[in-house]
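Undergrad: Sequence first, then the predicted structure:
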Amino acid sequence: MQPEQQVIRPSGCEDGQPARQQRARGRGRIVTKAVEGRSRLEQLFQEGCAKIRLPDTFSNEIEAILINSSGGLTGGDEMEWQAVAGAGTSLVVTTQACEKVYKASSGTATVTARVSAGPGARLHWLPQETILFDRASLTRRLEADLDATSEFIAVEAVLLGRQAMGESMVQGLFRDRWRIRHGGKLVHAEELLLAGEVAELTAKPAVLAGQVAFATLIYIGPLAEALLPKIRAIAGESGGASEWQGKLVVRVSAADGFSLRKILFPVISLLRNGASVPKVWNL
């Protein structure tokens, strides 16, 4: 007599049906306040794969390092970040490493960032690059609500694959949405969509002319007009910059991530009044 065989199926799997794939979920929030003229932590919240670390800065600013402990994103994953620079504080937000978005078998990964800055606050949103692999699917959103007396810097950089590894994003989806309010008024809104045959689309001269690394930087503050000619000198033929009513917009592109960083580092330092990029960018 043959022993009875036991069939073991993955949790949530029914006969003839594929197992439901586990998805990464994460939410993180940081809020700063001023105490005796110095920036101090008021709130810190982290859930799921979202982690926040606060290294010593030995200055008046607080630096928050965002970490996705799942190691990357794929279809159906969700990340949400919130950063609030309280009145009179200085908050720099960056990431531990580049965010990698892998091939999606189904669904779309979503990353949402909601940031705000109070009266006299300085908020610098400086995440490292997002790397999109072939057939990645990502929807990203940045919403900022700024006091009329605050200073704001934001950078979002994207790599369509890693050239040094022989990788490229041939197909996929990337949707990017920005909404920035300053003093209660909408001062910047943009939508970017790369969908379908991404490599074919970005090869067109009116899009990226074959470049696979690009970035957008925003500066809102009192020095926008004065910084414009210096930014244009750094960007050169690799990008462009414009200024209008206290808002400076910079767009640059490059053949690879290293070449892009050679532009981003001095531009970010200039926007930060000589301060360098966060140290984790160099690790």
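TA: Happy to help now that I have it.
Undergrad: Give the bridge partners for residue 241, please.
TA: Here residue 241 sits in beta bridges with residue 250, as judged by DSSP bridges.
Undergrad: Return the residues in contact with it.
TA: The contact partners of residue 241, taken as C-beta atoms under 8 Å, 6 or more residues apart in numbering, are 228, 231-232, 235, 248-251. The C-beta positions use only the backbone N, C-alpha and C, and glycine is treated the same way.
Undergrad: do you know how far it is from residue 217?
TA: 9 Å (C-beta to C-beta, to the nearest Å).
Undergrad: Spit out the residues that contact the two alike.
TA: 249-251.
Undergrad: with those residues in mind, which one is nearest to residue 62?
TA: residue 250 (25.0 Å; C-beta to C-beta).
Undergrad: and that closest one, how many neighbours?
TA: 26 (other C-beta atoms under 10 Å).
Undergrad: Go ahead and confirm it touches residue 214.
TA: No - at 11.2 Å, residue 250 does not count as touching residue 214 under the criterion of C-beta atoms under 8 Å.
Undergrad: ok so, going back, just the buried ones among the contacts of residue 241, please.
TA: 228, 231, 235, 248-250 (16 or more other C-beta atoms under 10 Å).
Undergrad: Pick out whichever of those sits closest to residue 42.
TA: Among those, and counting by C-beta to C-beta, the member closest to residue 42 is residue 248, at 29.4 Å.
Undergrad: so where does the closest one fall, helix or strand?
TA: strand 247-254 (DSSP states H and E).
Undergrad: Measure how far that strand is from the centre of its chain, please.
TA: 15 Å (C-alpha atoms, centre = their mean, to the nearest Å).
Undergrad: Give me the helices and strands touching that strand, please.
TA: strand 185-196, strand 213-220, helix 224-235, strand 239-244, helix 257-271 (3 or more C-beta pairs under 8 Å, 6 or more residues apart in numbering; DSSP states H and E).
Undergrad: hmm, who's touching that strand?
TA: Here strand 247-254 has contacts from 182, 187-188, 208-209, 211, 213-220, 224, 227-228, 231, 235, 238-243, 260, 262-264, 267, 271, using C-beta under 8 Å, 6+ apart.
Undergrad: same thing but 6 Å
TA: 187, 208, 211, 213-220, 224, 231, 235, 238-242, 260, 263 (C-beta atoms under 6 Å, 6 or more residues apart in numbering).
Undergrad: Only whichever of these are buried, select them in ChimeraX.
TA: The following ChimeraX line selects those of the contacts of strand 247-254 that are buried, judged by 16+ other C-beta under 10 Å:
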select :187,208,211,213,214,215,216,217,218,219,220,224,231,235,238,239,241,260,263
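Undergrad: Which pLDDT value goes with residue 168?
TA: For residue 168, the pLDDT comes out at 88.
Undergrad: In contact with it, which residues are there?
TA: Contacts of residue 168 (C-beta under 6 Å, 6+ apart): residue 161.
Undergrad: Confirm it sits in a helix?
TA: No - Residue 168 is assigned coil when assessed by DSSP: H, G, I helix; E, B strand; the rest coil, not a helix.
Undergrad: ok so, going back, present the helices and strands packed on strand 247-254 as JSON lines; the columns should include distance to residue 43.
TA: Below are the helices and strands packed on strand 247-254 laid out as JSON lines (distance: least, C-beta to C-beta, whole Å):
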{"stretch": "strand 185-196", "distance to residue 43": "27"}
{"stretch": "strand 213-220", "distance to residue 43": "24"}
{"stretch": "helix 224-235", "distance to residue 43": "30"}
{"stretch": "strand 239-244", "distance to residue 43": "34"}
{"stretch": "helix 257-271", "distance to residue 43": "27"}
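Undergrad: Next, format the ones you listed as CSV and append mean pLDDT and distance to residue 131.
TA: Converted to CSV, those look like this (pLDDT from 0 to 100; distance: least, C-beta to C-beta, whole Å):
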stretch, mean pLDDT, distance to residue 131
strand 185-196, 96, 14
strand 213-220, 97, 10
helix 224-235, 96, 22
strand 239-244, 95, 20
helix 257-271, 96, 8
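Undergrad: Nearest to residue 128, out of those?
TA: helix 257-271 (9.4 Å).
Undergrad: Now the closest one: buried residues?
TA: 257, 259-261, 263-264, 266-268, 270-271.
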